[in-house]
Structures are given as C-alpha cells and as structure tokens.
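Peer 1: heads up, no residue letters with this:
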C-alpha cells in the first residue's frame with residue numbers, strides 16, 4: 001500500500017477514537033493528582049505518641065493547672081529577689097499543661113510565655129551582676145598585663161551579656177552597648193600583637209626613608225600594611241582598626257613607588273632649564289615634554305603619592321610651550337624689523353605681502369603655544385593692525401608724506417602742515433569722534449590717549465617714529481606766524497588751511513583747533529597734558545601770543561585736536 005494511502009487511513013482511525021483516548025488520559029491525570037494530594041499535609045498520629053491529649057475537665061490536667069497557679073502565687077508573694085526555683089518548677093509544669101491541653105490551649109500558651117519571661121528576667125538580673133563582676137575582673141587583669149586572664153573574663157562576660165540581650169527579659173535588663181564594648185575589648189586583646197607589629201614596621205620604614213634606603217623602606221611599609229589590613233578585616237571592632245591609617249600607609253608606599261620617577265622629573269626639568277640658559281630652545285622643549293609626560297604618569301599611576309602634582313604638569317607645559325615658541329618669536333621679530341625697513345623705504349606692496357604672511361604665522365603659533373611666556377603682545381598687536389591695513393598702506397603713507405613740512409632749523413623732524421585731518425584719522429583709527437564733521441575739517445574731540453595711539457599706529461605704518469610735538473617744537477613751528485594767519489572768534493572749527501600758512505608752510509598753528517602736545521618726559525600719567533595754539537574760541541588779539549594750557553588727558557573737547565611730528569634720519 002502506498003505511503004500516502006497508509007497515512008490517510010491512519011488519520012481516519014484517529015478521528016474515530018481520539019475522544020476516547022483524551023477522556024482516558026484525563027481520568028489518569030485526575031486520579032494521579034488526587035493521590036498526590038493525599039500524600040501531603042498533616043497525617044494522623046499513631047498511638048505511639050508520648051503525650052496523650054486530654055479534655056479540659058480532666059482531673060489530672062486540672063491538678064497540674066492548680067499546681068502551676070500555686071507555685072506562681074508563692075513566688076510573687078515572696079517579692080523581687082526571692083528564690084526563683086518555684087517559678088522554674090511552674091514553667092516545667094505549665095509546659096506539661098500546654099502539651100496535654102486539647103488544641104494546645106491558647107490561654108495556656110500565653111500563660112507559659114508569661115512565666116518564661118519572668119524566668120528570663122530573673123536570670124537576666126543574676127547574669128547582669130555576674131557580667132559587671134567579670135568586666136571589672138577583666139579590667140584589673142588588663143591593667144597588670146595579665147592579658148590571658150582579661151581575655152577569659154571579658155569573653156565570659158560577653159557571652160553572658162549576649163545571652164541576656166537575646167532572651168525574653170525586659171528591655172530595661174538588656175545592654176547592647178555593653179555587649180559591643182566587651183566585643184571590642186576582646187578583639188582589642190587579639191589585635192594588640194598585630195598592632196604592635198604594625199607600629200614596629202612603621203618605625204623601621206621611616207628610619208629607612210630618612211636614610212634613603214628605599215628598598216628596605218618599601219619592605220617595611222609593606223609589612224605594616226599587611227598587619228593593618230589583617231586588623232581591619234579580622235578585628236574590625238577593635239580600637240586598633242583604622243582605615244585612615246591603612247590609607248596613609250598605602251600612600252607612603254605609592255610615594256616610594258613614585259619617588260624615583262619624581263627624581264627623574266626634577267633632573268629633566270633642571271636639564272631643560274640649562275638648555276634654555278644656553279639658548280638651545282628646541283632641545284629644551286623636548287626635555288620639558290619628557291618631564292611633563294613622566295609627571296603625568298605619576299599623577300595617573302600613583303594617585304595617593306605625595307609626588308602627585310597637577311601644578312607640576314601645568315608648569316612643565318608652560319616651560320615647554322615657552323621654549324618651543326621662542327624660535328618662532330625670534331623669526332617673526334626679525335621679519336618685523338625687515339618689514340619696518342620696507343615701510344620706511346615706502347615699499348608698501350612687498351611689505352604688505354610679508355606682513356600678512358608674518359601675522360598668519362604668528363597667530364597660528366600663538367594658537368598652538370599660547371601658554372608660552374615669551375609672547376610679545378606689542379608685536380602681536382602691531383602685526384595684527386598692519387595686516388588689517390595691508391591694502392591701504394600706500395594710501396595712508398602718501399597722505400602723510402604729502403602733508404609733511406620740515407620743522408624750521410631741525411632737518412630730521414617733519415611736522416604735519418595742517419591739523420590732523422578727519423579723513424586720515426578715520427583710515428587710521430577706524431572711527432571719527434569729531435563733533436564738527438567733514439573730510440576737509442581737522443579731527444576734534446579726541447583725548448590725549450587717542451591722539452598718542454593714532455601716532456603709534458602711524459609709526460607702524462611709515463616705519464618711523466611718529467609722535468605729538470613737544471612744547472619747544474611747537475614754539476619753533478609757530479614762530480613767524482602773522483595775525484592774518486590765525487583763525488579765531490568763531491563758533492566752530494573751519495576747513496583746514498582756511499587762513500594763510502606761515503613762513504614754514506604750516507597752517508592753523510594759532511586758532512582753529514588747540515592742539516595736544518607731548519607730555520614732558522618722566523611726567524606721571526595722571527598729570528594733565530599740555531595743549532597749545534589756542535582755538536576758534538579765542539579772539540584774534542589773544543592769538544597774537546602762543547597760548548598754552550593744560551587739560552586732563554582723558555578729556556575731550558570740540559575745540560581741541562592735534563598734529564604730528566615724524567622723525568627722519570639726518571641724512572634723509
């Protein structure tokens with residue numbers, strides 16, 4: 001018969017008998033479950049039991065109850081401190097009552113518990129007296145160094161106190177603090193030899209450290225650590241257990257581990273300092289980096305060592321960056337001097353290209369090594385400013401040079417023929433504070449600091465010293481100026497060069513705007529600075545003489561401006 005036909009016939013037979021099979025299986029499962037339930041739970045006690053449960057009105061049971069009550073009354077009548085033997089006998093009899101009573105007798109069980117608590121209280125009072133005596137015995141033995149006797153007394157007292165504290169006695173008769181104190185004393189006796197061993201090892205270790213015998217010191221500290229670890233683990237309740245002491249010992253061990261590395265750090269730092277002294281900056285930077293990495297290793301691997309120092313890492317990094325930055329700074333300074341020469345020669349295109357390149361190198365180096373201590377803020381400021389003006393260098397130089405005139409009798413000094421123009425001030429300072437604005441007008445309302453700052457920036461641009469005139473230079477410049485060459489008796493400043501120039505070709509030295517002058521050498525910064533020449537506020541008569549006043553350096557006034565002096569070499 002083919003397999004498919006056999007499979008179909010078998011399936012047809014299963015459909016006919018399946019419910020019979022399922023029903024039979026269910027009966028078997030239920031029967032097995034019922035049998036299992038009968039095997040668990042309480043079972044009937046055979047007649048071999050030692051105690052036979054009797055009825056409550058059984059004469060023998062009633063006699064036992066009466067005896068218990070009689071013994072209890074006799075003890076209570078005797079009062080506290082009486083012989084507890086009747087009470088103990090009452091407990092034994094009450095235990096028989098409970099065992100014989102039908103259903104255990106809830107009231108009989110409660111009576112038994114009450115009697116047992118009374119017995120525990122009596123026993124606790126007896127034991128407490130013994131405990132006090134044993135504790136005293138132990139202290140006396142300990143004081144005379146009889147440690148074995150002290151240990152026996154305190155152990156006996158601790159065991160008795162433990163029994164009281166775990167009994168059914170009232171809380172007033174228990175003393176958990178004394179139990180803990182006795183345990184601490186017992187552990188202290190056991191830990192004392194270890195503590196002495198630990199102290200001896202520490203003393204040896206410190207002597208060896210003082211003698212710089214590092215291997216012996218390390219071994220002694222290790223022995224002290226093992227002893228203290230055992231005390232802390234095995235005798236944690238003794239007075240010798242001390243986690244802080246163990247921590248200090250481990251810190252000493254880590255310090256010894258790190259000592260050699262720390263000495264190497266110091267040697268490397270000294271070598272780096274020596275390399276700096278002979279200007280071997282690249283070599284110094286390499287050495288300082290080695291020292292920094294070694295100190296970082298100490299900080300990472302020996303976190304409790306006395307040689308741990310984040311400040312040391314920072315200090316070494318500053319030294320490294322300082323050493324690494326010096327060659328770059330020197331190169332940029334040399335380039336800055338070359339740029340100054342090009343600006344002095346008015347080669348502004350080439351100077352502008354080199355300014356941009358030098359400033360970019362300086363800025364990148366600073367970003368990489370900004371913690372170095374040799375950076376020159378003035379150099380950074382100057383190159384940054386020149387780079388921002390690189391495309392206007394020729395224009396500003398031309399505006400300056402075309403306005404310069406020789407100072408009479410002083411060939412190496414050139415003075416601006418007019419007061420400083422607003423348009424040029426705007427180019428140089430990127431701002432214009434003037435109240436009376438106009439491209440052809442002189443800049444006004446500048447304070448002395450702003451005027452000197454403008455001179456400093458012009459010095460950078462032209463590669464020469466640019467400054468405010470001194471009082472003597474102003475007198476030389478104004479000499480020979482006639483009354484027709486003044487601008488006074490007005491309400492505001494006028495266009496530059498409105499009046500005729502003087503014999504030296506200089507305009508507005510008397511009137512229009514008063515002008516800031518250089519402060520005398522050595523004068524304190526808080527002292528007012530001089531202004532000269534008078535302004536449009538003065539009368540023509542007053543302007544016949546050279547007016548000289550003073551103003552606080554931080555003050556601004558709409559009638560005050562400035563002009564500049566440029567220093568040249570005598571041969572130019």
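Peer 2: Sure, I can see it. Keep in mind it's a predicted model, so treat the numbers as computed, not measured.

Peer 1: Stretch 418-432: how far from the chain's middle?
Peer 2: On the basis of Cα atoms, centre = their mean, to the nearest Å, stretch 418-432 sits 49 Å off its chain's mean C-alpha point.

Peer 1: Please point out which parts of it sit buried.
Peer 2: 418-422, 424-425, 427-428, 432 (16 or more other Cβ atoms under 10 Å). (C-beta placed from N, C-alpha, C; glycine too.)

Peer 1: before we move on, what about stretch 273-280?
Peer 2: So for stretch 273-280, counting by 16+ other Cβ under 10 Å, buried means 275-276.

Peer 1: Pull the contacting residues for residue 180.
Peer 2: residue 237 (Cβ atoms under 8 Å, 6 or more residues apart in numbering).

Peer 1: That one: what secondary structure?
Peer 2: Counting by DSSP: H, G, I helix; E, B strand; the rest coil, the backbone at residue 180 sits in helix.

Peer 1: where does it sit relative to residue 245, distance-wise?
Peer 2: To residue 245, residue 180 is 21 Å away according to Cβ to Cβ, to the nearest Å.

Peer 1: now do residue 390
Peer 2: 69 Å.

Peer 1: what are the pairing partners of the lengthiest strand in the chain, and which direction each?
Peer 2: Ranked by number of residues, the top strand in the chain under DSSP state E is strand 410-416. Paired neighbours of strand 410-416 in the sheet (DSSP bridges): strand 404-407 (antiparallel), strand 565-567 (antiparallel).

Peer 1: Enumerate the positions of the last one that are buried.
Peer 2: Judged by neighbour count using 16+ other Cβ under 10 Å, the buried positions of strand 565-567 are 565-566.

Peer 1: closest to residue 381 out of the strands paired with strand 410-416?
Peer 2: strand 565-567 (20.8 Å; Cβ to Cβ).

Peer 1: how far is that closest one from where the chain is centred?
Peer 2: 54 Å.

Peer 1: and it, average pLDDT?
Peer 2: On average, the pLDDT along strand 565-567 is 98.

Peer 1: For that strand, which outside residues touch it?
Peer 2: 400, 404, 407, 412-416, 458, 462, 464-469, 473.

Peer 1: could you point out where this protein is predicted with low confidence?
Peer 2: 1-57, 73, 75-82, 102-105, 480-488, 571-572 (pLDDT under 70).

Peer 1: Quick one: neighbours of the nearest residue to residue 489 once chain neighbours are set aside, just the number.
Peer 2: Leaving aside its chain neighbours, residue 489 sits nearest to residue 539 (5.5 Å; criterion: Cβ to Cβ, 6 or more residues apart in numbering). When neighbours are counted by other Cβ atoms under 10 Å, residue 539 registers 12.

Peer 1: pretty sure residue 539 belongs to a strand, no?
Peer 2: No - read with three-state DSSP, residue 539 is coil and lies in no strand.

Peer 1: Pretty sure it sits against residue 511.
Peer 2: No - Residue 539 is beyond contact range of residue 511, at 9.5 Å (criterion: Cβ atoms under 8 Å).

Peer 1: ok, now how distant is residue 313 from residue 269?
Peer 2: Applying Cβ to Cβ to residue 313 and residue 269 gives a distance of 12 Å.

Peer 1: same check, this time on residue 65
Peer 2: Residue 65 is 95 Å from residue 269, by Cβ to Cβ.

Peer 1: what's the answer for residue 356, then?
Peer 2: 39 Å.

Peer 1: ok, the two, which is more surrounded?
Peer 2: More neighbours surround residue 269 than the other of residue 356 and residue 269, with 21 against 16 (other Cβ under 10 Å).

Peer 1: so where does the more buried one fall, helix or strand?
Peer 2: If you go by DSSP states H and E, residue 269 is part of helix 243-277.

Peer 1: which helices and strands does that helix pack with?
Peer 2: helix 176-210, helix 214-234, helix 281-301, helix 310-344 (3 or more Cβ pairs under 8 Å, 6 or more residues apart in numbering; DSSP states H and E).

Peer 1: same thing but at 7 Å, please
Peer 2: helix 214-234, helix 281-301, helix 310-344 (3 or more Cβ pairs under 7 Å, 6 or more residues apart in numbering; DSSP states H and E).

Peer 1: what's the next helix or strand after the longest one in contact with?
Peer 2: If I follow you right, that is helix 310-344. Downstream of helix 310-344, the next assigned helix or strand under DSSP H and E is helix 348-368. Helix 348-368 has contacts (Cβ atoms under 7 Å, 6 or more residues apart in numbering) with 325, 328, 332, 335-336, 339, 342-343, 375, 380, 383-384, 386-387, 390-391, 393-394, 397.

Peer 1: Next, the buried residues of helix 348-368.
Peer 2: 348, 351-352, 354-356, 358-359, 362, 365-366.
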